[in-house]
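K.L.:
Got a predicted model here, sequence first, then my questions.
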2 protein chains.
Amino acid sequence: MTLVLSNEEIDQILTMEMALECVEACQHAVEAEEAINSPRVDTLAPTKFGDTEGVYSLKSMSGLWSAAGMAALRINSDVLIWPEVAGNIRRDRLASADGRWNGLMLLFSMETGAPVMICPDGYISRMRVGAANGLGARYLAREDSEEMALLGTGWQAGGQLMSHCAVRAIKEVRVFSPNPDNRERFCHEMANRVNAKLIPVESAEEAVTNADIVATGTNSMDPVHRTDWLKPGVHFSAVKVQEVDETFLDSVDRPFMFSKNPATTRPQLYKLPTVETPEGTDGWWFKRDEPLWDRIEELPQLLSGATQGRQNAEQTTAFVNNVGQGLQFTAVAHKVYQEAVTRGIGHELPTEWFTQDVHP
Amino acid sequence: MTLVLSNEEIDQILTMEMALECVEACQHAVEAEEAINSPRVDTLAPTKFGDTEGVYSLKSMSGLWSAAGMAALRINSDVLIWPEVAGNIRRDRLASADGRWNGLMLLFSMETGAPVMICPDGYISRMRVGAANGLGARYLAREDSEEMALLGTGWQAGGQLMSHCAVRAIKEVRVFSPNPDNRERFCHEMANRVNAKLIPVESAEEAVTNADIVATGTNSMDPVHRTDWLKPGVHFSAVKVQEVDETFLDSVDRPFMFSKNPATTRPQLYKLPTVETPEGTDGWWFKRDEPLWDRIEELPQLLSGATQGRQNAEQTTAFVNNVGQGLQFTAVAHKVYQEAVTRGIGHELPTEWFTQDVHP
């Protein structure tokens, strides 16, 4: 049988602690050559949804974890636009499928090849992105971090909130987004998900000033903060490099990203078909021949102990989670699957519906 | 609504003429920069199915065709083995999913991003592989070709039979595979699919001798013929280079493959985890620094008229269909979808089942 889970069912099962454990464990498996994270594939072209000109994007990423005996494929099929909101360029996905979005995950057994689980990707993706940033904070943020700024109130911001509160005893989170309704709604909706007090604030500066951890989870393609708002010893946690003020990246004591290997990443395209990427940046939004590029280290080396994180309370640290990993989906989805089977959650469909009696 | 089609329903709809038209048209679209064929991704690791040691393989390939307004993703999740049969090494996929195989296709609308069709990949794959070889024969085989040899009686062999008979007025096809039952069964099953007379024969030599076209559609990882069986003016059509006698490739007057770009192809791995690829061949099974490599041309250039095919009746020609293209799936699946909608074939499921109300 093939298990079909909804986002709501996944939400019942998947805690941030589980996601943190899975994302860290699968990274150790990569080092031990017991897991594979395959390159993602992005296929993009101009399209039109009604009167709106956008870019169609088909994205897939896969990974395999031998210890779990599972492989997974995550698929997104989106219409992207880059509107200007509150002075910043954003990357948005249209709710073009009858007001809904297209993201699917397939989990396969390595023993039989059969799909053992099919589910939407939304909840799992939020948790595994959050978990990767949470691991960055676990190894980089000051142990005594209590105040956090959260910039952004969308889907990814929720994951960032949960993960940073899971790795540090955060007491207060100041939440900002340009739309007052969004920050009120977000603080209301997320209040029961964390122990910290959530406080909607009226400016990014108010959120960031005096924060021990600044986490960004926005759609912005422009910096969402200013370097002079940050205090000594701050840890900055971003889901993409464009959110970060370049002068901070240049000056931060310990800069980390997930991967410097261009084969495992793709730029977040700003515009298409003419991609306006500053020359020499290769879509990374900072030049590789700058001193910064050489100073940047990778999260996996931090997890394995091959490099050191924060060295004292005054250092500034940064982690930019620049890679969507198929392997992270595999690891988290496998755990969700195991729990769902144990707890009898979800619906079963005949696996025959997804297999065939010929082999091409 | 999302249309779900079975292999049998696709078989009702999809003719070889349609497949030939789609595969050629999408190739022209690539030249016009109106279609994208994305690199495939193969993720492989050792596994065990029962007591059988094999290699688990998750494969995906995608493509996008703007004129059709569609993109497609094709997914295979297989347990592979490399047994020796009749003295040749074969690449086989186990029927590990309760006696069945795992191959799925998703067709997406570029306008809404929604999945408009879901189906197994078997029939479409056979037809689009066959069509690519058929196009090779259309541009390379002698116009007066009447006798054909078909080596192999499996799934792909059926596609090769249909496509070559569609592009040339073939009168007789001599069919060989090592197992007599298989060749009898194949000739019986395929008799109504083509106008040619199908004759099971007892040796590869008997099939090949005096044939105008030799087509191979086997799982063999070793050559399935000998060069001295071939007659002047022959066209050789292979689904992979390993089937072809190297001395023929060295001597053939007009050698073609689908693509010489390694980014769009992957080797058919012989063994894992120790891949035994002759040094310098990069999985292509012939060395790139040999004169042959420089002489080989690509099918798309033949279709566009950028290069010439056969120049006279005595020349030997060869086409090795070395690339599984996500774009070909897109093109053929789009045509199948249009026809299915027009003719009311298949079952509709609510698209909501495959979409979500959050965007990660």
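P.N.:
Yep, it's here.

K.L.:
and the closest residue to A:K260 other than its chain neighbours, what does it touch?
P.N.:
Excluding the flanking residues, the one nearest A:K260 by C-beta to C-beta, 6 or more residues apart in numbering or on different chains is A:E298, at 6.0 Å. Just so you know, the C-beta spots here come from the backbone N, C-alpha and C atoms, and that holds for glycine as well. Listed by C-beta atoms under 8 Å, 6 or more residues apart in numbering or on different chains, the contact partners of A:E298 are A:F256, A:M257, A:F258, A:S259, A:K260.

K.L.:
In strands only, show me those.
P.N.:
Counting by DSSP state E, the part of those found in strands is A:F256, A:M257.

K.L.:
Just the closest of the contacts of A:E298 to B:E147, please.
P.N.:
Each of those was scored against B:E147 by C-beta to C-beta, and A:S259 proved nearest at 55.8 Å.

K.L.:
Any stretches of the stretch 151-300 of chain A with poor pLDDT?
P.N.:
A:262-289 (pLDDT under 70).

K.L.:
How about the residues of it by chain B?
P.N.:
A:W155, A:Q156 (C-beta under 8 Å from any C-beta of the partner chain).

K.L.:
Quick check, the residue in the stretch 151-300 of chain A closest to chain B?
P.N.:
A:W155 (5.5 Å; C-beta to the nearest C-beta).

K.L.:
SS state for the spatially most central residue of chain A?
P.N.:
Centroid check for chain A by C-alpha atoms, centre = their mean gives A:V129 as the closest residue, at 2.7 Å. Applying DSSP: H, G, I helix; E, B strand; the rest coil to A:V129 yields a three-state assignment of helix.

K.L.:
next one: A:T218
P.N.:
A:T218 - assigned by three-state DSSP - is coil.

K.L.:
And for the residue nearest to it when sequence neighbours are not counted, the neighbour number?
P.N.:
Among residues not flanking A:T218 along the chain, A:G152 sits closest, at 3.6 Å (C-beta to C-beta, 6+ apart). Residues lying near A:G152 (other C-beta atoms under 10 Å in any protein chain shown) number 27.

K.L.:
what does A:F236 give?
P.N.:
A:F236, neighbours per other C-beta under 10 Å, totals 30.

K.L.:
What ranges does the stretch 51-200 of chain A have for its helices?
P.N.:
Using DSSP state H, counting those that start in this stretch, the helices of the stretch 51-200 of chain A run over A:122-140, A:155-167, A:180-190.

K.L.:
So for B:A331, which of those sits nearest?
P.N.:
Judging those by C-beta to C-beta, what sits closest to B:A331 is helix A:122-140, at 30.2 Å.

K.L.:
The closest one near chain B at all?
P.N.:
Yes: applying C-beta under 8 Å from any C-beta, one finds helix A:122-140 touching chain B at A:G122, A:Y123, A:S125, A:R126, A:V129.

K.L.:
Next: stretch A:350-360.
P.N.:
Yes: counting by C-beta under 8 Å from any C-beta, chain B is contacted by stretch A:350-360 at A:T351, A:E352, A:F354, A:T355, A:Q356, A:D357, A:V358, A:H359, A:P360.

K.L.:
give the contact list for the second one.
P.N.:
Put plainly, it is A:E352. Here A:E352 is in contact with B:D98, B:R100 (C-beta under 8 Å, 6+ apart).

K.L.:
Would you confirm that it belongs to a helix?
P.N.:
Yes: counting by three-state DSSP, A:E352 is part of a helix.

K.L.:
Looking at the stretch 201-350 of chain A, which residue is nearest chain B?
P.N.:
A:G326 (8.1 Å).

K.L.:
Near that residue, how many other residues are there?
P.N.:
If we define neighbours as other C-beta under 10 Å, then A:G326 has 28 of them.

K.L.:
before we move on, what about A:P120?
P.N.:
26.

K.L.:
Nearest spatial neighbour of it, chain-adjacent residues omitted?
P.N.:
B:Q356 (3.9 Å).
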